[in-house]
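Sequence first, then the predicted structure:
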Amino acid sequence: MIDLNSFANGALAEQFNSEFQKVMENMSDINTDPKKARKIVITLSITGNDKRDVCACKVQTKSTLVPADEVESKILINHDDSGNVIGQELLSGVKGQMFISTEGEVLDHVGERVQ
């Protein structure tokens, strides 16, 4: 039998540990769904020679991670004084509505200070 920890001079275990680290980092990311499964696939590709007395074995590991959750925002489309189209994030929730920043400043709907 083959010890997978030492197989290919430890490359299989090293590859697995690397992919496992990626999975753990993805699992701890608060922007991902913790209930969706992450996967690690270990593939051993084995081919023999014509005499069937020696096999070549290639090892590969791959992880499937969960993408970050979608985040939505609103962008206001406007024109500057030169007529160029500009986009600005709507921060207040409603176009034309002012709001108070966390620092206590009064800001317009795109976050610019109101004089």
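Received, thanks.

give me phi/psi at residue 25?
Per-residue torsions, residue 25: phi -70, psi -40 (degrees, to the nearest 10).

Where in the chain is the helix or strand with the lowest mean pLDDT?
The weakest-scoring helix or strand in the chain, judged by mean pLDDT, DSSP states H and E, is strand 99-100 (a mean of 86).

My guess is residue 11 contacts residue 59. True?
Yes - with contact defined as Cβ atoms under 8 Å, residue 11 reaches residue 59; the gap is 6.1 Å. C-beta coordinates here come from the backbone N, C-alpha and C atoms, glycine included.

Those two: who's more crowded?
Legend: neighbour count by other Cβ atoms under 10 Å for residue 11 and residue 59, higher for residue 59 (17 against 12).

three-state assignment of that one?
strand (DSSP: H, G, I helix; E, B strand; the rest coil).

Against residue 77, how distant is it?
Using Cβ to Cβ, to the nearest Å, we find residue 59 at a distance of 52 Å from residue 77.

just checking, next helix/strand downstream of the host helix or strand of residue 19?
When secondary structure is defined by DSSP states H and E, residue 19 falls within helix 11-28. Next along the chain after helix 11-28, taking DSSP H and E as the criterion, comes strand 39-48.

Report the strands that pair with that next one, each with its relative direction.
Under the criterion DSSP bridges, strand 39-48 sits next to strand 55-64 (antiparallel) in its sheet.

in its sheet, what does the next helix or strand after the partner strand sit against?
Using DSSP H and E, the next helix or strand after strand 55-64 towards the C-terminus is strand 75-79. Within its sheet, and counting by DSSP bridges, strand 75-79 is paired with strand 85-89 (antiparallel).

Residues contacting the strand it pairs with, please?
Contacting residues not belonging to strand 85-89 are listed as 73, 74, 75, 76, 77, 78, 79, 80, 110, 111 [Cβ atoms under 8 Å, 6 or more residues apart in numbering].

re earlier: residues making contact with the least confident helix or strand of the chain?
Contacts of strand 99-100 (Cβ under 8 Å, 6+ apart): 91, 92, 93, 106, 107, 109.
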